[in-house]
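Peer 1: using only what follows, build the 3D model:
(chains A, B and C)
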Amino acid sequence: MAPDGDPIDGVGALFDAPPMPEQERMVEAILFAAATPQRLQDLAARMPHGSDVAEALKHLESRYQGRGVRLVKVGDGWAFRTAPDLGFLMQREVVETRRLSRAAIETLAIIAYHQPVTRAEIEEIRGVSVSRGTLDHLLELDWVKVGRRRDTPGRPATYVVTQAFLDHFGLESTRDLPELKELRAAGLLDSRPVPAGPQADDDGAETGYMDPDLFE
Amino acid sequence: MAPDGDPIDGVGALFDAPPMPEQERMVEAILFAAATPQRLQDLAARMPHGSDVAEALKHLESRYQGRGVRLVKVGDGWAFRTAPDLGFLMQREVVETRRLSRAAIETLAIIAYHQPVTRAEIEEIRGVSVSRGTLDHLLELDWVKVGRRRDTPGRPATYVVTQAFLDHFGLESTRDLPELKELRAAGLLDSRPVPAGPQADDDGAETGYMDPDLFE
Amino acid sequence: MPEDFSDGFAAHPTTADAFVVDVDGFEGPLDLLLSLARTQKVDLRRVSILGLAEQYLSFVDEAKRLRIELAADYLVMAAWLAYLKSRLLLPPDPSEEGPTGEELAAHLAFQLQRLEAMRRVAAQLMARDQLNRDFFPRGMSETVTERKRTVWTAGLVDLMRGYAGARTREDFAPLKLKRGPVYTVEAALERLRGLIGTTLDWTTLEAWLPEAWRLDPEKRRSATASTFVAMLELARRGDLELRQDASFAPIEVRGRGGGDHGA
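Peer 2: All right, here's what the predicted structure looks like:
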């Protein structure tokens, strides 16, 4: 723990970041205490000036390899989570969550795989209108959030999945979604316009597209 | 494919406790996820039959020795806690930049231009009384300090600006302050101050000289 | 595993013509079509859209025969599929514009494949380890306490503007405040009335100025003027007497005593 760096450094050494093992301890403490994933910049903001948070995370990640608790990357954040294989021990901690409806599960998957996606596009894919409650439920769970508006007439809102979604399903990023590459290769994630022609819409439920409630 | 362990053990092997490193992982995960400290018997109740929880805790305790997080005994329970020397990381300093109130700015300016100046003189120039809070604030900022007492009846205290004031405003001395004429030339006198009215001062504590009763 | 989304339908072993009419289990016509397509027992990529259209139309006919009311969107789909069927069966009419029957059929096939894919991955997603079910966050999270530190700022321009503002306040003050410190005649009257009756010796006018109005020249001027006017008024009423020995000499005043108000 002797201060490293050359003695020539003089005054600069006073402001040196703590040695890496100490930085690792600090990141460990911060992440242990936090319930939600912390982004690199959040961590850096709380660490002493000059710390190499990314490096500390790397050390920490390998230190917790195979432990009962793991360091996981969630979107652009990092968090400690118990190892999934020990879930059976945790029954007492389980908070029973309301079961998602089939509509909500499908809508969630469509948003995850097609994001950013508008409500109309979700409806086009599912072939039925999306009830307000379905999206509200996903928004409430904080698995989905409103993204940027689409630059098309009417400037519809788009939906995207959140870090909490990634956290919940143990995904590092949306690139890790199951079968994503295969679906993309098969062209199933392309937005393919309906061939122009006499009412090619398949669902006839367009009434639901513009739920006025959504915009009140 | 062949079941490990010695064949002699027979049926008993089915109920063997997991190896100690695994028990340690389990205790680690349970304690990490627990909302309250867990007593030995709580842990034992959740662990596979035959586990030696006390032993696992001992291993775990030494594993976290010197880490950013420590295993500690709380009453008769066990819990992970942030290392006490890292408590400072659990605080976040929020720096908020705020502009000085108009009353404070004016008071400060008058002190800078007229120092040494008494409170009564400041009030005379401002045309409104100067609240105690305004002067206190400037004193606290170390931009103003109490100078010599004036040699007039009552020996009122005078106020002068400080080196910190000069530093903050990038002045070498108060002689560098532009004169009123120059201010006018620079157009600073044309910019209307906040329109007068019952309002004007952001500093609610200021009460006008002008007793409204006298003017009704 | 991906099949578990079709459980509403898969329970019925059916063929196209012996279809159990149970529209409740479906989420719209596309869902129904997907279920019908599965009964063709081929890969969805090779499903016969023409055959599917016929299956759907016979489903709708069956519903009609049983006097089951179908929601409007199912009927819209039926009409569209009937149109598609005719486009697929009849030789292309060169005068007709728009997409060919094949293009429309291909798009429908795409939609069905896409919906099936989404259902499949949705099931995979839900089969993943989940937070608070299979893995857990810290149960005793410590909240970060915030220490607030306020940095006060002001620039040189603020300072100069503040000074300029203070020095020129009158220039900008609205009309009603322009009077500056004014001691009103009413206030002077009030003050004199209370005291003058008992003051039977000559005293100078200055002695009657209120303490707070004596030092500042501007205020003193205002108080002097108002007090003088008030004295004139009281003299007119006969409450006091005024005298001045010479021009610019001090004005002196004394009460008339008795306090009787002669007009």
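Peer 1: list the contacts for the residue sitting nearest the centre point of chain A?
Peer 2: By C-alpha atoms, centre = their mean, the mean C-alpha position of chain A lies nearest to A:Gln163, the distance being 2.5 Å. By C-beta atoms under 8 Å, 6 or more residues apart in numbering or on different chains, A:Gln163 lies in contact with A:37, A:74-77. To be clear about C-beta, it is placed using only N, CA and C from the backbone, and glycine gets the same treatment.
Peer 1: let's see that with 10 Å instead.
Peer 2: A:Gln163 makes contacts with A:36-37, A:39, A:74-77, A:79, A:142-143, A:145, A:171, A:173, as judged by C-beta atoms under 10 Å, 6 or more residues apart in numbering or on different chains.
Peer 1: are any of those residues buried, and which?
Peer 2: The neighbour count (16 or more other C-beta atoms under 10 Å in any protein chain shown) marks A:37, A:74-75, A:77, A:79, A:143, A:145, A:171 as buried among these.
Peer 1: what residues of stretch A:20-31 count as buried?
Peer 2: Along stretch A:20-31, these residues count as buried under the neighbour rule (16+ other C-beta under 10 Å): A:22-31.
Peer 1: do the same with stretch A:135-145
Peer 2: Neighbour counts using 16+ other C-beta under 10 Å place A:135, A:137-138, A:141, A:143-145 of stretch A:135-145 among the buried residues.
Peer 1: do the same with stretch C:236-248
Peer 2: Residues C:239-240 are the ones in stretch C:236-248 that count as buried (16+ other C-beta under 10 Å).
Peer 1: kindly check the end-to-end length of it for me.
Peer 2: Between the opening and closing residues of stretch C:236-248 there is a gap of 21 Å (C-alpha to C-alpha, to the nearest Å).
Peer 1: from the chain's centroid, how far away is that stretch?
Peer 2: A distance of 69 Å separates the centroid of the chain from that of stretch C:236-248, by C-alpha atoms, centre = their mean, to the nearest Å.
Peer 1: rewinding a little: make JSON lines out of the buried ones among the contacts of A:Gln163 and add distance to A:Arg63.
Peer 2: Supplementary listing: those in JSON lines, determined by distance: C-beta to C-beta, whole Å:
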{"residue": "A:Pro37", "distance to A:Arg63": "18"}
{"residue": "A:Val74", "distance to A:Arg63": "18"}
{"residue": "A:Gly75", "distance to A:Arg63": "22"}
{"residue": "A:Gly77", "distance to A:Arg63": "19"}
{"residue": "A:Ala79", "distance to A:Arg63": "15"}
{"residue": "A:Trp143", "distance to A:Arg63": "30"}
{"residue": "A:Lys145", "distance to A:Arg63": "33"}
{"residue": "A:Leu171", "distance to A:Arg63": "23"}
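Peer 1: just give me the neighbour total for the nearest residue to A:Leu180 once chain neighbours are set aside.
Peer 2: If you skip the residues right next to it in sequence, A:Leu180 has A:Tyr113 as its closest partner in space, 6.8 Å away by C-beta to C-beta, 6 or more residues apart in numbering or on different chains. Using other C-beta atoms under 10 Å in any protein chain shown, the number of residues around A:Tyr113 comes to 25.
Peer 1: mind checking pLDDT for A:Tyr113?
Peer 2: With respect to pLDDT, A:Tyr113 has a value of 97.
Peer 1: who are the packing partners of the helix or strand hosting it?
Peer 2: According to DSSP states H and E, A:Tyr113 maps onto helix A:102-114. Packed against helix A:102-114 by the contact rule (3 or more C-beta pairs under 10 Å, 6 or more residues apart in numbering or on different chains; DSSP states H and E) you find strand A:117-118, helix A:119-126, helix A:132-140, strand A:144-149, strand A:157-161, helix A:163-168, helix A:180-185, helix C:101-127.
Peer 1: thinking again about what came up before, greatest separation within the buried residues of stretch A:135-145: which pair is it?
Peer 2: Using C-beta to C-beta, the pair of those lying farthest apart is A:His137 and A:Lys145, separated by 13.3 Å.
Peer 1: who are the contact partners of A:Val117?
Peer 2: A:107, A:110-111, A:124-125, A:147, A:150, A:156, A:158-160, A:191.
Peer 1: if we use 8 Å, what do you get?
Peer 2: The neighbours of A:Val117, taking C-beta under 8 Å, 6+ apart as the test, are A:110-111, A:158-160.
Peer 1: against C:Val229, how distant is C:Trp213?
Peer 2: With distances defined as C-beta to C-beta, to the nearest Å, the gap from C:Trp213 to C:Val229 amounts to 14 Å.
Peer 1: of the contacts of A:Val117, closest to C:Asp43?
Peer 2: Minimum separation from C:Asp43 among those (C-beta to C-beta) is found for A:Ile110, which lies at 22.2 Å.
Peer 1: is the closest one in contact with C:Met118, as I believe?
Peer 2: Yes. In this structure, A:Ile110 is within contact of C:Met118 by C-beta atoms under 8 Å, at 5.4 Å.
Peer 1: near chain B, which residues of chain A?
Peer 2: Where proximity means C-beta under 8 Å from any C-beta of the partner chain, the interface of chain A facing chain B comprises A:24-30, A:32-33, A:45-47, A:66-69, A:80, A:82-83, A:86, A:89-90, A:92-93.
Peer 1: so what's the residue nearest to the centre of chain A closest to, chain neighbours aside?
Peer 2: Here the nearest residue to A:Gln163 in space, its sequence neighbours aside, is A:Gly75; by C-beta to C-beta, 6+ apart that works out to 4.1 Å.
Peer 1: need the contact list for the one you found.
Peer 2: Taking C-beta under 8 Å, 6+ apart as the definition of contact, the neighbours of A:Gly75 are A:37, A:163, A:166-167, A:172-173.
Peer 1: can you check A:Pro156 too?
Peer 2: Contact analysis of A:Pro156 by C-beta under 8 Å, 6+ apart lists A:118-120, A:149-150.
Peer 1: could you dump these to a markdown table with distance to C:Met77 and neighbour count?
Peer 2: Converted to a markdown table, the contacts of A:Pro156 look like this (distance: C-beta to C-beta, whole Å; neighbours: other C-beta atoms under 10 Å in any protein chain shown):
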| residue | distance to C:Met77 | neighbour count |
| --- | --- | --- |
| A:Thr118 | 22 | 20 |
| A:Arg119 | 21 | 22 |
| A:Ala120 | 18 | 18 |
| A:Arg149 | 31 | 13 |
| A:Arg150 | 27 | 16 |
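Peer 1: ok, those vs chain B, which is closest?
Peer 2: A:Arg149 (31.8 Å; C-beta to the nearest C-beta).
Peer 1: if I look at the closest one, how far off is A:Gln163?
Peer 2: Taking C-beta to C-beta as the measure, A:Arg149 falls 21 Å from A:Gln163.
Peer 1: got it, and A:Val194?
Peer 2: Taken as C-beta to C-beta, the spacing of A:Val194 relative to A:Gln163 amounts to 34 Å.
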